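# show me the folded form of this:
(one chain, ligands or ions: 1)
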Amino acid sequence: MHEFSFAYNIFKVAEATALKYNAKKITEVILEIGELTLIVPELLQRSFEMATTGSIAQGAKLIITITPGKIKCRDCNKISAVSLTRDAQLTGLQLFECSHCRSNNTEIIEGKKANVKNIKIQE
Ligand SMILES: [Zn+2]
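Below you'll find the predicted structure:
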């Protein structure tokens, strides 16, 4: 499951940071996820709970912020926002169409990454 390995990685990052500060407990993990990672927040929440059971992050709150995707057009060089609406998911290809000139010759420049922004710990 995509979300589970992802949740586990988040946990490892948070744990490494917490250990560096000699924390006893992680109480909150703040996460930023690009919209184009296609991660389902509800599944991620559940996976995170599973991944942290019995660890110093057990019961930690996972706060997820979704950052929008952006593409850059190779034809007109303009940047378009990509939003994964229901319709767009059904017609995958149109998703990466330049909203200025309708070209499909685009590249993703934002929205495929996820990172731990911050964690809150108890010492
Ligand atoms: Zn364009």
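
# drop to CA atoms for contacts and neighbour counts, all remaining ones
OK.

# alpha carbons only: can I get whatever helix or strand Ile33 lives in in CSV?
According to DSSP states H and E, Ile33 maps onto strand 25-34. Output in CSV follows, covering the C-alpha atoms of strand 25-34 (Å, rounded to 0.1, in the frame of the first residue of the first chain):
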residue,chain,number,x,y,z
LYS,A,25,7.2,11.7,22.9
ILE,A,26,6.1,13.1,19.5
THR,A,27,2.8,14.9,19.9
GLU,A,28,2.3,16.3,16.5
VAL,A,29,3.6,15.9,13.0
ILE,A,30,3.0,18.6,10.4
LEU,A,31,3.2,17.4,6.9
GLU,A,32,3.0,19.0,3.5
ILE,A,33,1.9,16.8,0.6
GLY,A,34,1.9,17.8,-3.1
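
# partners of it in the sheet?
strand 61-67 (parallel), strand 114-122 (antiparallel) (DSSP bridges).

# what's that strand in contact with?
14-15, 18, 39, 56-69, 110-123 (CA atoms under 8 Å, 6 or more residues apart in numbering).

# please check the residues you listed and keep the buried ones.
14-15, 18, 39, 56-64, 66-69, 110-112, 114, 116, 119-121 (16 or more other CA atoms under 10 Å).

# excluding sequence neighbours, find me the nearest residue to the residue nearest the centre of the chain.
Residue closest to the average C-alpha location in the chain (CA atoms, centre = their mean): Ile33, at 1.9 Å. Among residues not flanking Ile33 along the chain, Ala114 sits closest, at 4.3 Å (CA to CA, 6 or more residues apart in numbering).

# circling back: can you list the strands paired with strand 25-34 in a markdown table and add mean pLDDT and distance to Cys101?
Formatted as a markdown table, the strands paired with strand 25-34 follow (pLDDT from 0 to 100; distance: least, CA to CA, whole Å):
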| stretch | mean pLDDT | distance to Cys101 |
| --- | --- | --- |
| strand 61-67 | 94 | 24 |
| strand 114-122 | 94 | 29 |
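
# what's the neighbour count on Thr27?
Residues lying near Thr27 (other CA atoms under 10 Å) number 16.

# sorry, wrong one. I was asking about Gly54.
10.

# next SSE after the lowest-mean-pLDDT helix or strand in the chain?
Least confident helix or strand, the chain: helix 86-90 with a mean of 54, by mean pLDDT, DSSP states H and E. Sequence-wise, the next helix or strand downstream of helix 86-90 (DSSP H and E) is strand 106-110.

# right, I'll call it a day here.
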